[in-house]
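# With the sequence up front, the predicted model follows.
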Amino acid sequence: MEQKNILEIKDLHFSYNKGDEILKGLNFSLDDRTTAIIGQNGAGKTTFVKLLKGLLRPTCGSILFEGKDISTMTVAQLARHIGMVFQNPNDQIFKNRVLDEVMYGPLKIGMSETVAKEKSMAALELVGLSGFEDKNPYDLGLSSRKLVAIASIIAMDTKVIIFDEPTIAQDFYGKERIKSVIRKLRSEGVTVITIIHDMDFVADVFERVIVFAKGGVLLDGSAKDVFADEAILKEAYLEQPNVTKLCQNLGYEEVFLNTDEFVTYWRKKTG
Amino acid sequence: MAMSTEHSKIIVENLKYKYLATDFLALDGISFSVEQGEFIGIIGKNESGKSTLCQAIAGLVPNFHKGAYGGRILIDGLEVKNVELSELCKKVGIVFQNPFNQVTGSKLTVYEEIAFGLENTGIEKQEMIRRIDDAMELLDIAKYKDRNPFDLSGGQMQRMAIASIIAMQPEVIVLDEPTSQLDPQGREEVYQAVQKLSKKGITIFMVEHNMEKIASYSDRVLLLDGGRLIDFDTPQRIFSREDLDTYGVEVPAFTRICKELNLKNPGTGCYPVTLEEAYDLLSKEKREM
Amino acid sequence: MKSISLYEEKGSLLNKLAPESKILYIIIALLLPVIMGSRWVSIGFIAVSFFLLLISKVLRKTVPILSISGFVLLTVVIIQGIFRAGNVTPVFAVGPVSFYKEGLMFAFEIVVNVLNILLSFCVLILTAKPSDIVENFVRKGFSPRFGYVFISVFQIVPQMTETMSTITDAQRSRGMETEGNLLVRIKAFGPLISPVVMSSLINTRERALALEVRGFNARNKKTFLNDEKKCGADKYIQLGMLAMLIAGIVWRVAGWR
């Protein structure tokens, strides 16, 4: 299958202080596959996505968005193309009404009032918050507030959406909701990138996995290939998804990412 | 398991609680009892009352968060509501989700940070040093003792928060989603440390969304929904329930597989809940094939 | 770790002294000149402060403090020197502008006082750990709560700046402009300030809980991990300074002047 590269990362270096490099020359491209970036705290994941958003500028190397160097764009201009949901919704919410909060971004990037409202209502529906338009975001629980933050980025209708730890503080329902949001975005052709610690969630939803360690890429491939490699994951202080652990313990050659795959395989074998 | 509630470590009787600003019961008639040294997992969907229950055990409800309170919690026969927080904290410790907000901000080193609670409760210097060293050893953070508390990673910071509580030598420790902000390595470190405490006879209450962890570490699991206690039993029995999705609870991956394949553990009549259990059962099945 | 404390451990004599001795020093450095009514006393204390900072190896750290206030003081000298009401005796002229003796003397008085205040405070701030200052006060019966507020400022404020920058990032990511003219900046105020307020409220509440369960409000007598900061010389130094203060008062009251 031919993949169209949305973002190209070329020899990307970054450091706050000289001699203390956080990213040490990244080279890869991102296409419309859902991509999870995993790695230990401090591996450089957050720094990388901040560079993608133009919040930090590379000390060396470049990032191309649809062929155009993003260093030529301001953060505000880039906001039309690349959206990012921050980890803590409290870091962004400032309006008294859920709908106003969601519409803020779309209006800022130049959508008309009508379009912004339309997009915002659709985004709220997608995250399951229809009917909450007039509520005060701070009257909602933290997990719903996070969904408000997610909707406020989706409504901006960007080509790329980055999630920073979307599953923190989410229960089963919340996680299922976020899974369906990501699948929906994927089907609409949005490139979804996430930083995440929850391996079972990654195995369930993401097509491609990039393992960061010490400012470089340790492993990059399909979720199946990456999670097959127990040794490398250990080296990056990560772990395999639970189902993958089980099938490796059972001595299977094949790698399973979720319970359904395992059950289907088992049934086929036992007839 | 038949247990005499009379000598139980913790007895909760018909506990009810309503926060001031709300018009519903956050806890609605909860009763259970726990023995010393048990590792209790608390599960349920968001806003099912898990955190409120934690804070009630630690006395923060109703002595910090005011509200309508009914029923009682007894720890070693002592009624929690009637004990001042500054006294109760010597018996019950609590660790919160965000490690960052548990740093006092008034100490320059990890060592001094752990001393904070001991200074407040008037522990003599020699005893203080002994306890801090023990707690740091147990949580494996002795190597950071001269670091600034804010310079630690999330996992290290959370272990420091636990050490700060451990040093006060409580008999019960409540942990409210202590690992949700940590990477897999940090999460495992915290679990290992908490298990050590449990083995030393400290009673543990642990709120967690990761069911695989709850299944493999808990002796018994408390299932809450809408402020009510739905069930309180072994992980095997809890996760073998057929109605868990109505309570917004995910079943451990291993249990889900065995449920699908209808494989029960012949010994317990329950589905397996841990990797080891599922492995034993499935590998036996595999050989018989 | 970014800390806003200026203290640095140098193992110097002043590092070893009790914070109270240094506070007493500030008091007499400010009071004695007033009591004795002579700017020469102030100048004397400035010299002493310089000497103390020099032997504590922290004189360099006063440079940024002095340069900022130096700028302000320079404008005082210029303005008073040229425009002060009652200026009659020209001293010198720069081009068409004349400086007058009366204004310059007045400005000199201000400069001496400000320098004396700044340098004597530097003696305390640059050589005493904030937590030692607070602990010694709490030992003497001050409220630990008050002490906590004072001391936590040094760590919590830098943390808040960090939260502030995350919030700025989050809002810029949604297309908010932060750079540009005054109007742009005023517009950015709302989206920035209310998350800051909300986050700090939430954080403060959580931190209050965390403090509570660590016996923050315990009524028993507090103990301390660190030994009280003092050395043998403290007693004599403090007595000496008190003697100076009393001598100053007696000298003034007896009207020897």
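The structure has been received and is ready for your questions.
# what about the closest residue to residue B:8 other than its chain neighbours, how many residues close to it?
The shortest distance from residue B:8 to any non-neighbouring residue, by Cβ to Cβ, 6 or more residues apart in numbering or on different chains, is to residue B:33 (3.9 Å). The C-beta positions use only the backbone N, C-alpha and C, and glycine is treated the same way. By the criterion of other Cβ atoms under 10 Å in any protein chain shown, residue B:33 has 18 neighbours.
# Same question for the one 3 residues further on.
Look at residue B:36: counted by other Cβ under 10 Å, it has 14 neighbours.
# Quick check, pLDDT for it.
The per-residue pLDDT reported for residue B:36 equals 94.
# residues touching it, list them.
B:9, B:171, B:201, B:203 (Cβ atoms under 8 Å, 6 or more residues apart in numbering or on different chains).
# Just give the number of residues close to the third one.
It stands for residue B:201. Here the count is done by other Cβ under 10 Å, and residue B:201 has 10 residues near it.
# That one is in what secondary structure piece?
Here residue B:201, judged by DSSP states H and E, is contained in no helix and no strand.
# Up against chain A, what does the stretch 101-250 of chain B have?
Contact residues (Cβ under 8 Å from any Cβ of the partner chain) of the stretch 101-250 of chain B with chain A: B:153-155, B:177, B:180-188, B:209, B:212, B:245, B:248-250.
# In helices only, show me the residues you listed.
B:154-155, B:184-188, B:212 (DSSP state H).
# hmm, back to that, buried members of the residues of the stretch 101-250 of chain B next to chain A into ChimeraX, please.
Written as a ChimeraX command, the selection of buried residues from these, which uses 16 or more other Cβ atoms under 10 Å in any protein chain shown, is:
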select /B:153,154,155,177,180,181,182,183,184,185,186,187,188,209,212,248,249,250
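# Please report phi then psi for residue 95.
With no chain named, the answer covers chain A. According to degrees, to the nearest 10, the main-chain angles of residue A:95 amount to phi -90, psi 160.
# that's the wrong chain, I wanted chain B
In terms of degrees, to the nearest 10, the main-chain angles of residue B:95 are phi -120, psi 130.
# what sits against the closest residue to it other than its chain neighbours?
Spatial nearest neighbour of residue B:95, excluding adjacent residues (Cβ to Cβ, 6+ apart): residue B:175 at 4.7 Å. By Cβ under 8 Å, 6+ apart, residue B:175 lies in contact with B:94-95, B:162, B:194, B:204-207.
# again, but for residue C:48
For residue C:48, the contacting residues are residue C:29, by Cβ under 8 Å, 6+ apart.
# Check which helix or strand it maps to.
Going by DSSP H and E, residue C:48 is in helix C:39-55.
# Would you agree residue B:107 is in contact with residue B:149?
Yes - Residue B:107 sits in contact with residue B:149 when judged by Cβ atoms under 8 Å, with a separation of 6.4 Å.
# hey, what's in contact with both of these two?
By Cβ under 8 Å, 6+ apart, residue B:107 and residue B:149 have these common neighbours: residue B:113.
# which residues in chain A form strands?
Counting by DSSP state E, the segments of chain A that form strands are A:7-15, A:21-30, A:35-38, A:60-65, A:68-69, A:82-85, A:160-164, A:191-195, A:208-213, A:216-222.
# again, but for chain B
In chain B, the strands defined using DSSP E lie at B:10-19, B:27-34, B:39-43, B:67-75, B:78-79, B:92-95, B:172-176, B:203-207, B:220-225, B:228-233.
# so who does residue 195 touch?
Reading this off chain A. Residues in contact with residue A:195 (Cβ under 8 Å, 6+ apart) are A:36-38, A:45-46, A:49, A:162-165.
# look at chain B instead
Neighbour list for residue B:195: B:39, B:217 [criterion: Cβ under 8 Å, 6+ apart].
# State the helix or strand in which residue C:69 lies.
Counting by DSSP H and E, residue C:69 is found in helix C:62-83.
# neighbouring contacts of that helix?
C:53, C:97-100, C:103-104, C:106-108, C:110-111, C:114-115, C:118-119, C:122, C:126.
# Buried ones from the residues you listed, can you make that a PyMOL selection?
Selecting only the buried entries of those in PyMOL, with 16+ other Cβ under 10 Å as the criterion:
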select buried, chain C and resi 53+99+100+103+104+106+107+111+114+115+118+119+122+126
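# Filter the contacts of helix C:62-83 down to just the ones in strands.
Taking DSSP E, the ones among these that sit in strands are C:97-100.
# Would you mind putting these into a markdown table with distance to chain A and pLDDT alongside?
Shown next, in a markdown table, are those (distance: Cβ to the nearest Cβ, whole Å; pLDDT from 0 to 100):
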| residue | distance to chain A | pLDDT |
| --- | --- | --- |
| C:97 | 47 | 86 |
| C:98 | 52 | 88 |
| C:99 | 47 | 89 |
| C:100 | 51 | 91 |
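# From these, pick the one nearest chain B.
Distance to chain B, by Cβ to the nearest Cβ, is smallest for residue C:99 among these, at 48.9 Å.
# what's the spacing between the nearest residue to the closest one once chain neighbours are set aside and residue C:115?
Among residues not flanking residue C:99 along the chain, residue C:81 sits closest, at 4.1 Å (Cβ to Cβ, 6+ apart). Using Cβ to Cβ, to the nearest Å, residue C:81 is found at 17 Å from residue C:115.
# Same check on residue A:40?
52 Å.
# cool, residue C:97 as well?
To residue C:115, residue C:97 is 25 Å away according to Cβ to Cβ.
# measure stretch A:29-42 end to end?
22 Å (Cα to Cα, to the nearest Å).
# again with stretch B:118-125
Stretch B:118-125 has an end-to-end distance of 9 Å (Cα to Cα).
# who touches it?
With contacts defined as Cβ under 8 Å, 6+ apart, stretch B:118-125 is touched by B:86, B:89-90, B:127-128, B:131-132, B:167-168, C:144, C:214-216, C:218, C:220-225.
# mind listing what's buried in it?
Result for stretch B:118-125 [16+ other Cβ under 10 Å]: buried residues B:118-121, B:123.
# swap in stretch A:112-123?
Those buried within stretch A:112-123 under the rule 16+ other Cβ under 10 Å are A:116-117, A:119-121, A:123.
# Stretch B:24-43 now?
Quick answer for stretch B:24-43 (16+ other Cβ under 10 Å): B:25-28, B:30, B:32-35, B:37-43.
# Show the buried residues in the contacts of stretch B:118-125.
For the contacts of stretch B:118-125, buried by 16+ other Cβ under 10 Å: B:86, B:89-90, B:128, B:131-132, B:167-168, C:144, C:214-216, C:218, C:222-223, C:225.
# hang on, the earlier thing: what about the residue nearest to residue C:99, distance to residue C:46?
For residue C:81, the distance to residue C:46 - Cβ to Cβ - is 21 Å.
# Who has more neighbours out of these two?
Between residue C:81 and residue C:46, residue C:81 has the larger neighbour count (other Cβ under 10 Å), namely 24 against 20.
# Please tell me how far the more buried one sits from chain B.
Residue C:81 sits 46 Å away from chain B, going by Cβ to the nearest Cβ, to the nearest Å.
# Adding distance to residue B:268, write the strands of chain A out as CSV.
Formatted as CSV, these follow (distance: least, Cβ to Cβ, whole Å):
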stretch, distance to residue B:268
strand A:7-15, 51
strand A:21-30, 48
strand A:35-38, 35
strand A:60-65, 55
strand A:68-69, 62
strand A:82-85, 43
strand A:160-164, 40
strand A:191-195, 38
strand A:208-213, 36
strand A:216-222, 38
